[in-house]
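1. here is a sequence together with a model predicted from it:
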Amino acid sequence: GDSVTQMEGPVTLSEEAFLTINCTYTATGYPSLFWYVQYPGEGLQLLLKATKADDKGSNKGFEATYRKETTSFHLEKGSVQVSDSAVYFCALATNFGNEKLTFGTGTRLTIIP
Amino acid sequence: DGGITQSPKYLFRKEGQNVTLSCEQNLNHDAMYWYRQDPGQGLRLIYYSQIVNDFQKGDIAEGYSVSREKKESFPLTVTSAQKNPTAFYLCASSIVWGSQETQYFGPGTRLLVL
């Protein structure tokens, strides 16, 4: 079945550091890939997505590139801020008319001033 | 503003009691979903509904029930058969089923057992 493997947390970085959160997937067909962010006590918000190989999703300074050859969708940001502290979820949806999302376990990110 | 509302924010359940979590959306979305979130386990799909008066079991439906009598509403009942109900419950919706459109999430309800 489909699965998503995320880098285990928690991750703690200093402000302005470079961020990478690794995500790899296993899926049949050609999935769409997503990163969601969850701030404390809130629901999930879509951060970015990519629907086909080599697509790059970007939003709020975050980027992720859909790499079919390595089945990866790593999240990156060049300079993190304290406000980026949250839990980040990688997810996929397979392309068979199926809207079900498969989530990774989440990575908690804490940015210290 | 359009969005998804969930209530209550916190809910307490006694042993043997059924409780119902509310989810309402004014986005005019056809598809709605319920997820359960446990620490370190990500989100797991409980039930989903592609359209009014239709719903399907997800990966962990045992001990839960839903209804979809109106397009904007998708309440979840946690029954006494659910032996470990303590979790954070998230409702989501998307424009249609099968188009890989983005799912939008509500703020969640935290259920605690007394």
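-> Now that the structure is in, tell me what you want to look at.
2. can you pull the phi/psi pair for the nearest residue to residue A:27 once chain neighbours are set aside?
-> The spatially closest residue to residue A:27, leaving aside those adjacent along the chain, is residue A:2, at 4.6 Å (Cβ to Cβ, 6 or more residues apart in numbering or on different chains). Where you see a C-beta, it was placed from the backbone N, CA and C, and this is true even at glycine. Torsion angles at residue A:2 (phi, psi; degrees, to the nearest 10) stand at phi -70, psi 150.
3. tell me, how many residues neighbour residue A:2?
-> Residue A:2 is flanked by 16 other residues according to other Cβ atoms under 10 Å in any protein chain shown.
4. need the per-residue pLDDT for it.
-> Note on residue A:2: pLDDT of 86.
5. what's the answer for residue A:89, then?
-> 95.
6. from residue B:86, how far out is it?
-> If you measure residue A:89 against residue B:86 using Cβ to Cβ, to the nearest Å, the figure is 20 Å.
7. and those two? Which one has more around it.
-> A direct count of neighbours by other Cβ under 10 Å for residue A:89 and residue B:86 places residue A:89 higher, at 25 against 11.
8. wait, the more buried one touches residue A:102, no?
-> No: using Cβ atoms under 8 Å, residue A:89 is not in contact with residue A:102, being 10.5 Å away.
9. how far away is residue B:14 from chain A?
-> The gap separating residue B:14 from chain A is 24 Å, by Cβ to the nearest Cβ, to the nearest Å.
10. pretty sure that residue sits against residue B:114.
-> Yes: under the criterion of Cβ under 8 Å, residue B:14 makes contact with residue B:114 at 5.2 Å.
11. how about the contacts made by residue A:46?
-> A:34-36, B:102-104 (Cβ atoms under 8 Å, 6 or more residues apart in numbering or on different chains).
12. which strand or helix spans the most centrally placed residue in chain B?
-> What sits nearest the mean C-alpha location of chain B, by Cα atoms, centre = their mean, is residue B:34, with 2.8 Å. Using DSSP states H and E, residue B:34 falls within strand B:31-37.
13. can you list the strands that that strand pairs with?
-> As defined by DSSP bridges, the strand partners of strand B:31-37 come to strand B:43-51 (antiparallel), strand B:87-94 (antiparallel).
14. then the last one to PDB, C-alphas only?
-> This means strand B:87-94. C-alpha atoms of strand B:87-94 as PDB (Å, rounded to 0.1, in the frame of the first residue of the first chain):
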ATOM      1  CA  ALA B  87      -7.200  11.900  20.400                       C
ATOM      2  CA  PHE B  88      -7.400  15.000  18.300                       C
ATOM      3  CA  TYR B  89     -10.100  14.800  15.700                       C
ATOM      4  CA  LEU B  90      -9.800  16.800  12.400                       C
ATOM      5  CA  CYS B  91     -12.500  17.300   9.800                       C
ATOM      6  CA  ALA B  92     -11.600  18.300   6.300                       C
ATOM      7  CA  SER B  93     -13.400  19.000   3.000                       C
ATOM      8  CA  SER B  94     -12.500  19.200  -0.700                       C
END
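15. following that strand, which helix or strand shows up next?
-> strand B:104-105.
16. got the phi/psi numbers for residue A:83?
-> phi -70, psi -10.
17. which residues in chain A form strands?
-> A:3-6, A:11-14, A:19-21, A:23-26, A:32-38, A:44-50, A:56-59, A:62-65, A:75-77, A:86-93, A:101-103, A:107-112 (DSSP state E).
18. contacts made by the third one with the rest, please.
-> Contact partners of strand A:19-21, identified using Cβ under 8 Å, 6+ apart, comprise A:6-7, A:11, A:13, A:74-77, A:80, A:84, A:88, A:90, A:107, A:109.
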